[in-house]
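>>> would you be able to build a 3D model of this:
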Amino acid sequence: MKPVCVLGNGQLGRMLRQAGEPLGIAVYPVGLDAEPETLPIQQSVITAEIERWPETALTRELARHPAFVNRDIFPLLADRLTQKQLLDQLGLATAPWQLLASAEEWPQVFASLGELAIVKRRTGGYDGRGQWRLRADQTSELPQDCYGECIVEQGINFSGEVSLVGARGHNGETVFYPLTHNLHQEGILRTSVVLPQPDAAQQQQAEQMLSAIMNQLQYVGVMAMECFVVPQGLLINELAPRVHNSGHWTQNGASISQFELHLRAILDLPLPKPVVSTPSVMVNLIGTDLNLQWLQQPLVNLHWYEKEVRPGRKVGHLNLNDVQPDELSKALTALTPMLPPEYASGIAWACEKLR
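From the prediction side, this is the model:
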């Protein structure tokens with residue numbers, strides 16, 4: 001099989017490499033400053049773990065590569081303005097939004113969008129960075145360089161957050177995992193819960209939405225779609241044209257992980273629907289030191305990224321799954337004292353979802 005070069009060498013590239021090994025697929029996560037001549041680029045299929053990148057010798061080389069899958073889609077979805085315009089074009093529900101061009105627009109923004117405005121940089125900014133929650137008396141907090149470079153959305157009163165991870169093959173075939181329930185704290189994903197039998201109406205709506213997006217773009221590979229749950233159904237929040245943090249549970253909770261599914265799709269290998277037969281929970285490890293006591297728990301699967309531990313930095317995750325939700329809750333409860341106190345609320349939320 002052809003080798004795969006992954007633009008970006010963070011944890012997603014690392015896990016793509018790990019997923020390729022059992023299949024005999026050589027996967028090369030490469031940093032943006034890598035020397036093109038040191039890599040098997042010409043005979044490889046190219047993918048990426050990041051949406052946007054600076055111009056370097058490597059990225060100039062890859063920009064000309066005929067097997068760079070989704071090459072022209074990355075910049076479209078990396079810009080929140082063009083991403084929102086695509087969703088509007090397809091008639092897919094999102095929070096009301098507009099481009100924020102100048103400070104003089106604020107009275108009109110609050111008049112049309114309501115009392116809470118969510119400002120997001122058009123490019124970059126994730127895990128709570130590059131985003132602001134502003135009311136009318138707080139607009140002076142927004143940096144001046146944001147005007148013209150941000151969109152502003154209506155603050156949504158949602159009852160929950162879910163994501164759908166799916167894949168599309170070269171032949172247009174699509175497959176999906178069950179919806180993932182997500183808990184964010186300070187803009188960072190803390191905990192995810194998946195049930196084998198999701199809400200049927202939500203699952204159907206989400207699959208129709210993500211199918212429409214992937215088909216319109218002729219996208220190939222794994223894509224994630226994050227949504228708000230509101231009384232009318234689902235509102236699309238953001239898209240990620242890559243494997244995604246909320247799909248990490250698939251490494252231990254599905255017959256095919258999202259990482260293997262992505263490799264299968266871009267290499268035009270068979271793409272059966274992954275089987276999910278047990279509830280699963282994923283706990284993100286954020287700025288937390290490694291604790292080998294976690295491994296005393298038989299349901300715990302540790303995925304450690306070997307990154308320097310810094311506050312707010314994703315350094316690993318724990319996956320737990322069991323056919324009995326009660327056993328899964330017991331394992332989470334036993335794990336709680338082994339984690340810093342800030343994890344307790346996310347684990348309690350997960351236990352509630354499992355009931």
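
>>> now do the same contact list for N245.
L189, N284, K314, H317 (CB atoms under 8 Å, 6 or more residues apart in numbering). C-betas here are computed from N, CA, C, even on glycine.

>>> what's the local residue count around the first one?
It refers to L189. 25 (other CB atoms under 10 Å).

>>> tell me the pLDDT at it?
If you check L189, the pLDDT there is 96.

>>> can I assume it is in contact with N182?
Yes - L189 lies in contact with N182 (CB atoms under 8 Å); the separation is 5.8 Å.

>>> what do these two both touch?
S246.

>>> helix or strand with the lowest mean pLDDT in the chain?
helix 57-63 (a mean of 86; mean pLDDT, DSSP states H and E).

>>> show me what it is packed up against.
strand 4-7 (3 or more CB pairs under 8 Å, 6 or more residues apart in numbering; DSSP states H and E).

>>> in PDB, could you pull the C-alpha coordinates for the strand it packs on?
Extracted C-alpha coordinates of strand 4-7, given in PDB (Å, rounded to 0.1, in the frame of the first residue of the first chain):
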ATOM      1  CA  VAL A   4       0.900   8.400   3.800                       C
ATOM      2  CA  CYS A   5       2.500  11.700   4.700                       C
ATOM      3  CA  VAL A   6       0.600  13.700   7.400                       C
ATOM      4  CA  LEU A   7       1.200  17.500   7.300                       C
END
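
>>> pull out the buried positions in whichever helix or strand comes after it.
Using DSSP states H and E, the helix or strand that follows strand 4-7 in sequence is helix 11-20. Using 16 or more other CB atoms under 10 Å as the test for burial, helix 11-20 gives Q11, L12, G13, R14, M15, L16, R17, A19, G20.

>>> can you dump the C-alpha coordinates of helix 11-20 into CSV?
Taking Å, rounded to 0.1, in the frame of the first residue of the first chain, the C-alpha atoms of helix 11-20 are listed here in CSV:
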residue,chain,number,x,y,z
GLN,A,11,-0.8,13.9,18.6
LEU,A,12,-3.3,13.4,15.7
GLY,A,13,-0.4,12.6,13.3
ARG,A,14,1.0,10.3,16.0
MET,A,15,-2.3,8.4,16.3
LEU,A,16,-2.7,8.1,12.5
ARG,A,17,0.8,6.5,12.5
GLN,A,18,-0.2,4.1,15.2
ALA,A,19,-3.4,3.2,13.3
GLY,A,20,-1.5,2.5,10.1
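
>>> run me through the strand neighbours of whichever helix or strand comes after that helix, direction for each.
Toward the C-terminal end, the helix or strand that comes next after helix 11-20 (DSSP H and E) is strand 27-30. The pairing partners recorded for strand 27-30 under DSSP bridges are strand 4-7 (parallel).

>>> I'd guessed L302 sits against L335; true?
No - the pair L302 / L335 is not scored as a contact, 11.1 Å apart, by CB under 8 Å.

>>> identify the contacts common to these two.
Joint contacts of L302 and L335 (CB under 8 Å, 6+ apart) are W294, L318.

>>> more neighbours, those two?
Using other CB under 10 Å as the criterion, L302 and L335 rank with L335 on top: 22 against 15.

>>> okay, the more buried one: pLDDT?
pLDDT, read off for L335, is 97.

>>> grab the nearest non-local neighbour of it.
Distances taken as CB to CB, 6 or more residues apart in numbering place Q297 nearest to L335, at 5.7 Å, with adjacent residues excluded.

>>> N291 versus the one you found, what's the distance?
Remark: distance between Q297 and N291 (CB to CB, to the nearest Å) = 11 Å.

>>> those two: which is more packed in?
Higher neighbour count among Q297 and N291: Q297, with 17 against 14, using other CB under 10 Å.

>>> distance check, that one against V276.
Relative to V276, and taking CB to CB, Q297 is found at 22 Å.

>>> neighbouring contacts of the least confident helix or strand of the chain?
Contacts of helix 57-63 (CB under 8 Å, 6+ apart): 5, 7, 30-36, 41, 46, 53, 68, 71.
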